[in-house]
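In: just to be clear, the model below is a prediction. Sequence and coordinates:
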Amino acid sequence: MSDKKEKIVAIKGMNDILPADAPLWELFENTAESVLKSYGYQKIVTPIVEETGLFARAIGAVTDIVEKEMYSFTDSMNGDLLTLRPEGTAGVVRAVVEHNLAYDGPKRLWYKGPMFRHERPQRGRYRQFFQFGAEAIGFSGPDIDAELIMLCRRLWDDLGLDGIRLELNSIGNADERQRHRADLIAYFEANADVLDAEAKRRLHANPLRILDTKNPAMQDLVNAAPQLLSYLGEESLAHFDGLKAILDANNVQYTVNPRLVRGLDYYNRTVFEWVTDALGAQGTVCAGGRYDPLIETFGGKPTPGIGFAMGIERLVELMKAQGEPAEPAQCDVYMVHQGEQARLRAFILAERIRDAGLDVVLHCATPAGAGSFKSQMKKADGSGAAFAVIIGEDEVSNGVVAVKSLREAEGQQESVAFDAAVDYLVDQIVGGHDHDHDHDHVHYHP
Ligand code: ATP
Ligand code: MG
């Protein structure tokens, strides 16, 4: 008798994506990838671990992420300071500069993957979470800003998601922010009694970020604070107006939110967020902005950039709330068999059916045994397969298989010659039409 072992559970704030949810994730990712592709964006994959210094430089020292959220550690083999990436832009920009990707003109890129931030776990806020993001490198005009925003709108439409609204702002250039910053600090100093401890700490390091506070006691104060928008010069205003004109012409609704700033230091001009009220406190599903100064700080030629990142957990939760549940089908065909000879035949036939492009689950023995016909048929029903193929001793000696339709109430059972079974199934399931396999397996009705 062995001792009962204590269970090991996942790290707090880091989630498993279980098979029941996987089809929705897959649907999100497939839809997002095809939207990105339809705008000419190319995939880039960067490492999950980077030098800690990369993030400090790209994100800025006085930010939530760099101050308190990074998973940083020392590589015990060589003492290198490393960090699990908290976001995707830094790595993409590093790769663009390192490989000189923008040498022959601008690039449209997208990425997806896990990000890590040591935050207090709560609904919509995790320590490992997944982002889907795009970066457009080398474009300066407001047209690319509009394109990125409209690409998001298309994605919400394609996913059947309603009620995601767009908030927009321009945070100008460094000079404009500098003038605003001086007035902002003076304003907050004059109201120092209302500032919380975090705001006081940030007052001189990153006062813009105070505007982003979630503290209810400070809302009136930040609402009445000097607005960056009124400090914008001609060029910044022209860029912002250009963006709004394209959005207006394309019927994209938005609200200008003068308090919208990005937590990251390197943003300039356009910033935007897509927000929903359907997810409670963590309602921002996508955040983006322009970062024209960033590439130069990495040693690249001055090259403008703009991007966004969306939180996949939040969007999948929204899909769950707004769509009918996806019903995953494991397979097209479930193979039921009884007896040694039948099992060998079942294996051979299952391989042939897969060769023909269909998905097959072959019943396999468990510690409880191989299972009666009846219990195997229950598994076949539960699998979502269109057909069960049944092979017993009689079928083996007659050179046939029994094929039973599972998706009709009074499913007919046909006897089909072993060698004709593949064609029969392909004919029944694909019906001579082109068969888009991946999509057939997720039945999602927005
Ligand atoms: P906040 O001010 O709410 O912390 P942020 O500025 O840190 O937001 P971004 O860095 O812009 O967020 O991240 C882009 C998107 O990624 C967010 O809008 C959200 O959808 C998602 N996201 C960010 N952090 C988390 C997290 N800890 N868990 C789940 N999703 C997240
Ligand atoms: Mg954050």
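Out: Here it is on my side, so go on. Numbers count the residues shown, from 1 in each chain. Ligands and ions are numbered 1, 2, ... in the order given.
In: every contact and neighbour count from this point should use C-alpha atoms.
Out: Will do.
In: just the element for Phe130, please.
Out: strand 128-137 (DSSP states H and E).
In: what's the mean pLDDT across that strand?
Out: If you average the pLDDT over strand 128-137, you get 98.
In: list the contacts of it.
Out: The set of residues that contact strand 128-137 without belonging to it, under CA atoms under 8 Å, 6 or more residues apart in numbering, is 13-15, 41, 87-89, 92, 102, 106-117, 144, 148, 303-313.
In: what's the following helix or strand after it?
Out: Later in the chain than strand 128-137, the nearest helix or strand by DSSP H and E is helix 142-159.
In: before we move on, back to that, give me the subset of the contacts of strand 128-137 lying in strands.
Out: Filtering these for membership in strands, criterion DSSP state E, returns 107-116, 305-311.
In: domain ranges for this structure?
Out: Structural domains assigned to the chain are 22-172+232-321, 333-432, following automatic domain parsing.
In: buried ones among the contacts of strand 128-137?
Out: Neighbour counting by 16 or more other CA atoms under 10 Å classes 13, 41, 87-89, 92, 102, 106-117, 144, 148, 303-313 among the contacts of strand 128-137 as buried.
In: count the neighbours of the residue of the stretch 101-250 of the chain found nearest ligand 1 for me.
Out: In the stretch 101-250 of the chain, the residue found nearest to ligand 1 is Arg125; the distance is 3.3 Å by CA to the nearest ligand atom. Other residues within reach of Arg125, judged by other CA atoms under 10 Å, total 19.
In: again, but for Phe73
Out: 14.
In: hey, what's it bridged with?
Out: For Phe73, the beta-bridge assignment (DSSP bridges) gives partners Leu82.
In: that one and Glu51 touch, don't they?
Out: No: in this structure, Phe73 is not within contact of Glu51 by CA atoms under 8 Å, at 9.9 Å.
In: buried set for stretch 352-363?
Out: Judged by neighbour count using 16+ other CA under 10 Å, the buried positions of stretch 352-363 are 352-353, 358-363.
In: which ones are touching Arg165?
Out: Taking CA under 8 Å, 6+ apart, we find Arg165 in contact with 253-254, 274-276.
In: one more pass at 6 Å, please.
Out: The contact partners of Arg165, taken as CA atoms under 6 Å, 6 or more residues apart in numbering, are 274-275.
In: now do it, the pLDDT please.
Out: The model's pLDDT for Arg165 equals 97.
In: now do the one 5 residues further on
Out: The predicted local distance difference test score for Ser170 is 95.
In: quickly list what Pro114 is bridged to.
Out: Following DSSP bridges, Pro114 is listed with bridge partners Phe130.
In: so for it, what's the pLDDT?
Out: As predicted, Pro114 sits at a pLDDT of 98.
In: which residue, other than its chain neighbours, is closest to the residue of the stretch 251-400 of the chain found nearest ligand 1?
Out: With CA to the nearest ligand atom, the shortest gap between the stretch 251-400 of the chain and ligand 1 falls at Gly311, namely 3.4 Å. Leaving out its chain neighbours, the residue that sits closest to Gly311 by CA to CA, 6 or more residues apart in numbering is Gln131, at 4.8 Å.
In: okay, now the unreliable bits of the protein?
Out: Applying pLDDT under 70 to the predicted model, the residue ranges of the chain that meet it are 1-2, 263-265, 324-328, 432-446.
In: in it, which residue is most central in space?
Out: The residue at the geometric middle of the chain, judged as the C-alpha nearest the mean C-alpha position with CA atoms, centre = their mean, is Ile312 (3.4 Å).
In: in contact with it, which residues?
Out: 130-131.
In: against Lys404, how distant is it?
Out: Note on Ile312: its distance to Lys404, by CA to CA, to the nearest Å, is 39 Å.
In: can you check Thr46 too?
Out: Remark: distance between Thr46 and Lys404 (CA to CA) = 48 Å.
In: settle it for me: which of the two has more neighbours?
Out: Neighbours around Thr46 and Lys404, counted as other CA under 10 Å, are more numerous at Lys404. The numbers are 21 against 17.
In: tell me the residues of the stretch 101-250 of the chain that contact ligand 1?
Out: Taking CA under 6 Å from any ligand atom as the criterion, the neighbours of ligand 1 within the stretch 101-250 of the chain are 117, 124-127, 129, 131.
In: 8 Å - rerun?
Out: For the stretch 101-250 of the chain, the residues in contact with ligand 1 (CA under 8 Å from any ligand atom) are 116-119, 121, 124-131, 212.
In: just the buried members of those residues?
Out: Neighbour-count burial within those applies to 116-119, 124-131; the criterion is 16+ other CA under 10 Å.
In: quick one: the host helix or strand of Thr31 to strand 128-137, angle?
Out: In this structure, Thr31 is located in helix 22-38 according to DSSP H and E. An angle of 10 degrees separates the directions of helix 22-38 and strand 128-137 when computed by axes from the mean of the first three to the mean of the last three CA atoms, to 10 degrees.
In: helix 22-38: what's the following helix or strand?
Out: Per DSSP H and E, the first helix or strand lying C-terminal to helix 22-38 is strand 42-43.
In: quick revisit: could you dump the buried residues of stretch 352-363 into TSV with distance to ligand 1 added?
Out: Compiled in TSV, these are given as follows (distance: CA to the nearest ligand atom, whole Å):
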residue	distance to ligand 1
Arg352	43
Ile353	41
Leu358	36
Asp359	34
Val360	36
Val361	35
Leu362	38
His363	39
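In: restricted to strands, list those.
Out: The strands, defined by DSSP E, take in 360-362 from these.
In: out of those, flag the one nearest to Asn30.
Out: Distance to Asn30 across these (CA to CA) is lowest for Val360, with 22.5 Å.
In: I figured that closest one hits Val333, correct?
Out: Yes: in terms of CA atoms under 6 Å, Val360 counts as a neighbour of Val333; the distance is 4.8 Å.
In: which stretches of the stretch 151-300 of the chain form strands?
Out: Using DSSP state E, counting those that start in this stretch, the strands of the stretch 151-300 of the chain run over residues 165-170, 255-256, 268-275, 284-290.
In: packing partners of the longest one?
Out: Where contact means 3 or more CA pairs under 6 Å, 6 or more residues apart in numbering; DSSP states H and E, strand 268-275 is packed against strand 165-170, strand 284-290.
In: just say which of those strands is most tucked in.
Out: Greatest average neighbour count among the helices and strands packed on strand 268-275 goes to strand 284-290 (a mean of 24), per mean count of other CA atoms under 10 Å.
In: list the pairing partners of that strand within its sheet, with orientation.
Out: Strand 284-290 has its sheet partners listed here by DSSP bridges as strand 268-275 (antiparallel), strand 305-311 (antiparallel).
In: report whether that strand contacts ligand 1.
Out: Yes: judged by CA under 8 Å from any ligand atom, strand 284-290 and ligand 1 are in contact via 284-288.
In: alright, I will stop here.
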